[in-house]
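*Asks:* Build the 3D model from these lines:
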Amino acid sequence: MSLTQRYHKPQDLPPRIPVFPLRGAILLPRATLPLNVFEPRYLAMLDDVMAGNRVIGILQPVVAADSDDQESPIDKSAHLRAVGCVGRVTSYQELDDGRLVITLTGVMRFECVGEAETDTPYRIMSVSYDRFASDLSEGLGEEMVDRENLLRVLRAYLDANGLKTDWSSIQRASNEFLINALSVMCPYGPEEKQALLEARDLKSRAEVLVALAEIELASNGSSGTTLQ
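*Replies:* Sure, this is the predicted structure:
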């Protein structure tokens, strides 16, 4: 059963979810996020998740730009962002050394409205999906995206950084898949990633992606504006 068939409305998702706080990591609807899990608290979380509804929230911690804090804060009182994205575990592999390699597929974004007091080693948040109900509509707003400009700047970015890709696959990808996958994978900092996550719609998210790429191209002395 696909995620689109499984989740039709916000009420199909649990109002309380375990969260995996990760600095610089976001998830978006129908995009995927591979994770290598080795910390005991998150191994315990996955044991519980796989015995239940298989959903996890990805949420960034709030940290200062110059902070040396860990990628995932140990302190359960550490401040977390208000907006994250819930994903379903769609791939699960246990390695010989005890690590778990999983893939999360994004379902929809959420707002944190509280935190449950539990004795689990991981955090559980009370969440609301209402603000992001349109996330369940696959492909919503694709026709509003300036695809030509997005692909032009993407090509310039790849060329400037000496990166290779299967361009034919990119050209075949839907606007939603391309924009959300690029937002999840792009190597930007926590603030930029959060801006991509919280973008109002696909058009806005594409515009943020283009703006970030053009800023980097300009700072490196490259320009995406002359490509045809």
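
*Asks:* which is the next helix or strand following the longest strand along the chain?
*Replies:* Here the longest strand in the chain is taken by residue count, with DSSP state E as the criterion, and it is strand 100-115. Going down the chain from strand 100-115, the next helix or strand is strand 123-128, by DSSP states H and E.

*Asks:* per-residue confidence averaged over the helix or strand just after that next one?
*Replies:* Later in the chain than strand 123-128, the nearest helix or strand by DSSP H and E is helix 147-160. Confidence over helix 147-160, taken as the mean pLDDT, stands at 93.

*Asks:* Please report how far the residue nearest the centre of the chain lies from Cys85.
*Replies:* Centre of the chain computed as the mean C-alpha position; nearest residue by CA atoms, centre = their mean is Leu27, 1.5 Å away. Leu27 sits 4 Å away from Cys85 when distances are taken as CB to CB, to the nearest Å. Using the backbone N, CA and C atoms, a C-beta is placed for each residue, glycine as well.

*Asks:* so where's this structure shaky on pLDDT?
*Replies:* In the prediction, the chain carries residues with pLDDT under 70 at positions 64-70, 222-228.

*Asks:* and the longest helix for it?
*Replies:* When the chain is scanned for its longest helix (criterion: DSSP state H), the result is helix 202-219.

*Asks:* from the chain's centre, how far out does that helix sit?
*Replies:* Its chain's average C-alpha position is 17 Å from that of helix 202-219, according to CA atoms, centre = their mean, to the nearest Å.

*Asks:* send the alpha carbons of that helix over as CSV?
*Replies:* Coordinates of the C-alpha atoms in helix 202-219 are reproduced here as CSV (Å, rounded to 0.1, in the frame of the first residue of the first chain):
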residue,chain,number,x,y,z
LEU,A,202,6.0,23.9,-3.9
LYS,A,203,6.4,27.2,-5.8
SER,A,204,7.8,28.9,-2.7
ARG,A,205,10.1,26.0,-1.9
ALA,A,206,11.5,26.0,-5.5
GLU,A,207,12.1,29.8,-5.2
VAL,A,208,14.0,29.3,-2.0
LEU,A,209,16.1,26.5,-3.6
VAL,A,210,16.9,28.8,-6.6
ALA,A,211,17.8,31.7,-4.3
LEU,A,212,20.1,29.6,-2.2
ALA,A,213,21.9,28.2,-5.2
GLU,A,214,22.2,31.6,-6.9
ILE,A,215,23.7,33.1,-3.7
GLU,A,216,26.3,30.3,-3.6
LEU,A,217,27.1,30.6,-7.3
ALA,A,218,27.6,34.4,-6.9
SER,A,219,29.8,33.9,-3.9
